[in-house]
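Peer 1: Would you be able to build a 3D model of this:
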Amino acid sequence: MRRPSGRSGGGSKGTAKRIGEWLRVVLHTDDTPPRAALAFAIGVFIAWTPALGFHTLLALAIAFLFGLNRVAVLAGTFVNNPWTIVPIYSWSAYLGSLLTGADVSPPRLEGKSWSDLFDFFAQCRPWIVPLTMGTLVMGALSALVSFPVVLFGIRWYRGLRQAG
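Peer 2: From the prediction side, this is the model:
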């Protein structure tokens, strides 16, 4: 059931409902359970990449290129959302700095002028390699964990549908 166009979903009930709708779409695909779970896991991997702002385009390109379920890949990318973006990139940067041995200080934005903004971006440069390393490792681990979990969920749900 759709909400009237003047209202927006809010709170945890709206979020849970949207997640439930995405799961229903993924679980009702015509793909085999392993292909649907693989598409979702690839989306999870993409969610961890540092391609902030390009996750959707990257997911759609990979889905089209490999003939994967676009909705399942996109659902996986939504692991990275406004509520998870800070923990995802903070943990990734921390892990990447441990793996690469980088000892860099966090960037700080001190003023409100354009020159301060450019200085902030210059401070971010040493974090590119650690962040990329951390996101690749965490993305791979998250995809490896999500594949069997989603595969089990799809098979369980489809079993319930066939029994009922």
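Peer 1: quick one, helices of the protein?
Peer 2: With DSSP state H as the criterion, the chain has helices at 11-27, 33-48, 55-66, 70-77, 85-100, 114-124, 128-163.
Peer 1: mind checking the backbone torsions on residue 84?
Peer 2: phi -110, psi -10 (degrees, to the nearest 10).
Peer 1: Which of the helices of the chain has the lowest mean pLDDT?
Peer 2: Among these, helix 114-124 carries the lowest mean pLDDT, at a mean of 68.
Peer 1: Just put the helices of the chain in TSV and tack on mean neighbour count.
Peer 2: C-betas here are computed from N, CA, C, even on glycine. Converted to TSV, the helices of the chain look like this (neighbours: other CB atoms under 10 Å):
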stretch	mean neighbour count
helix 11-27	13
helix 33-48	24
helix 55-66	15
helix 70-77	23
helix 85-100	16
helix 114-124	12
helix 128-163	16
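Peer 1: who touches the most centrally placed residue in the chain in this structure?
Peer 2: Nearest residue to the geometric centre of the chain (CA atoms, centre = their mean): residue 47, 2.6 Å. Residue 47 makes contact with 55, 76, 77, 78, 79, 80, 88, 139, 142, according to CB atoms under 8 Å, 6 or more residues apart in numbering.
Peer 1: and if you look at residue 128?
Peer 2: Residue 128 neighbours (CB under 8 Å, 6+ apart): residue 50.
Peer 1: Tell me how far it lies from residue 140.
Peer 2: In this view, residue 128 and residue 140 are 19 Å apart by CB to CB, to the nearest Å.
Peer 1: thought residue 89 was touching residue 49?
Peer 2: No: using CB atoms under 8 Å, residue 89 is not in contact with residue 49, being 10.5 Å away.
Peer 1: Would you mind measuring from residue 93 to residue 131?
Peer 2: In terms of CB to CB, residue 93 sits 5 Å off from residue 131.
Peer 1: picking up where we left off before, got the contacts of residue 47 as TSV, with distance to residue 151 columns?
Peer 2: Output for the contacts of residue 47, formatted as TSV (distance: CB to CB, whole Å):
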residue	distance to residue 151
55	22
76	13
77	18
78	19
79	16
80	21
88	23
139	18
142	15
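Peer 1: Wait, residue 69 touches residue 35, no?
Peer 2: Yes: using CB under 8 Å, residue 69 is in contact with residue 35, at 7.0 Å.
Peer 1: Touching both of residue 89 and residue 49, which residues are there?
Peer 2: By CB under 8 Å, 6+ apart, the residues touching both residue 89 and residue 49 are residue 135.
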